[in-house]
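Below is the structure, and that's it, no one-letter string:
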């Protein structure tokens with residue numbers, strides 16, 4: 001069996017194995033082994049395989065918490081930190097649409113990230129987008145617009161949109177855009193919001209927007225164009 005086929009087989013395998021959730025275990029282990037290799041090459045440090053095994057287990061536990069309770073994803077397998085600025089679920093039968101934008105001045109490229117979770121904190125979907133723009137505010141506005149369009153297209157009618165950009169939230173909700181450079185973009189966001197009878201746009205801390213922030217920072221380099229993320233597992237394949 002070729003190496004590529006072996007990887008695909010393990011990702012899709014669902015037979016009898018001693019480890020529960022084998023697909024998630026395998027993808028997390030591959031990511032950490034790849035990370036171990038980079039640390040050894042670029043930092044000269046050696047991470048033991050026993051440590052990798054323990055971190056895989058911790059990551060899987062964190063994934064389950066993200067899926068069931070909306071907790072912050074623990075990428076490094078370390079003890080998670082809790083506090084008042086963590087993600088909070090929306091009211092019953094509502095959906096939380098967490099968005100974020102990032103911009104890299106050196107490369108002049110931006111990225112948007114979005115993750116949708118229900119009132120029980122269960123992951124619904126996510127996406128990344130590399131929009132046209134030349135600053136962080138543009139990417140934040142694009143992230144808000146695209147998540148509103150997606151919500152409308154998929155029939156989500158009771159939604160809370162959360163952004164960690166206070167500037168973008170204020171501009172959309174009450175900003176004077178008559179001579180603003182992003183007038184057209186803000187007008188389109190406002191029109192999308194007017195379509196929805198039950199919608200809320202609010203500002204949250206970055207700690208409460210961790211997953212969307214992660215996706216936004218990955219988008220400029222790793223995902224050209226528009227990419228849909230259908231499961232938590234696919235986050236590890238970035």
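Sure thing, it's come through. None of the values given here were measured: they were computed from a predicted structure.

Flag every buried residue along the strand or helix carrying residue 127.
Secondary structure from DSSP states H and E places residue 127 in strand 123-129. Residues of strand 123-129 classed as buried: 123, 125, 126, 127, 128, 129 (neighbour count, 16 or more other C-beta atoms under 10 Å). (Each C-beta comes from the backbone N, C-alpha and C, glycine too.)

pLDDT-wise, which helix or strand of the chain ranks last?
helix 49-69 (a mean of 67; mean pLDDT, DSSP states H and E).

Mind listing the strands the following helix or strand past that one pairs with, and their directions?
Going down the chain from helix 49-69, the next helix or strand is strand 95-104, by DSSP H and E. For strand 95-104, sheet partners with direction are given as strand 109-118 (antiparallel), strand 158-163 (parallel), following DSSP bridges.

Lowest average pLDDT across those strands?
Least confident of the strands paired with strand 95-104, judged by mean pLDDT, is strand 109-118 with a mean of 85.

buried residues in that one?
Buried residues in strand 109-118 (16+ other C-beta under 10 Å): 109, 110, 111, 112, 113, 114, 115, 116, 117, 118.

how many neighbours does residue 28 have?
The number of residues packed near residue 28 is 24, by other C-beta atoms under 10 Å.

Who are the packing partners of the helix or strand that contains it?
Secondary structure assigned from DSSP H and E places residue 28 in helix 22-43. Using 3 or more C-beta pairs under 8 Å, 6 or more residues apart in numbering; DSSP states H and E, the elements in contact with helix 22-43 are helix 3-12, helix 49-69.

and which of the buried residues of strand 109-118 is nearest to residue 159?
residue 116 (8.5 Å; C-beta to C-beta).

angle of the strand holding residue 127 against strand 109-118?
170 degrees (axes from the mean of the first three to the mean of the last three C-alpha atoms, to 10 degrees).

domain ranges for this structure?
Domains of the chain are assigned by automatic domain parsing as 3-69, 95-237.

Least confident of those domains, on average?
Across the domains of the chain, domain 3-69 gives the lowest mean pLDDT, at a mean of 73.

would residue 228 count as being in a strand?
Yes - checked against DSSP: H, G, I helix; E, B strand; the rest coil, residue 228 lies within a strand.

For the closest residue to it other than its chain neighbours, give me its contacts.
Distances taken as C-beta to C-beta, 6 or more residues apart in numbering place residue 127 nearest to residue 228, at 5.2 Å, with adjacent residues excluded. Applying C-beta atoms under 8 Å, 6 or more residues apart in numbering, we find residue 127 in contact with 112, 113, 114, 146, 150, 215, 226, 227, 228, 229.
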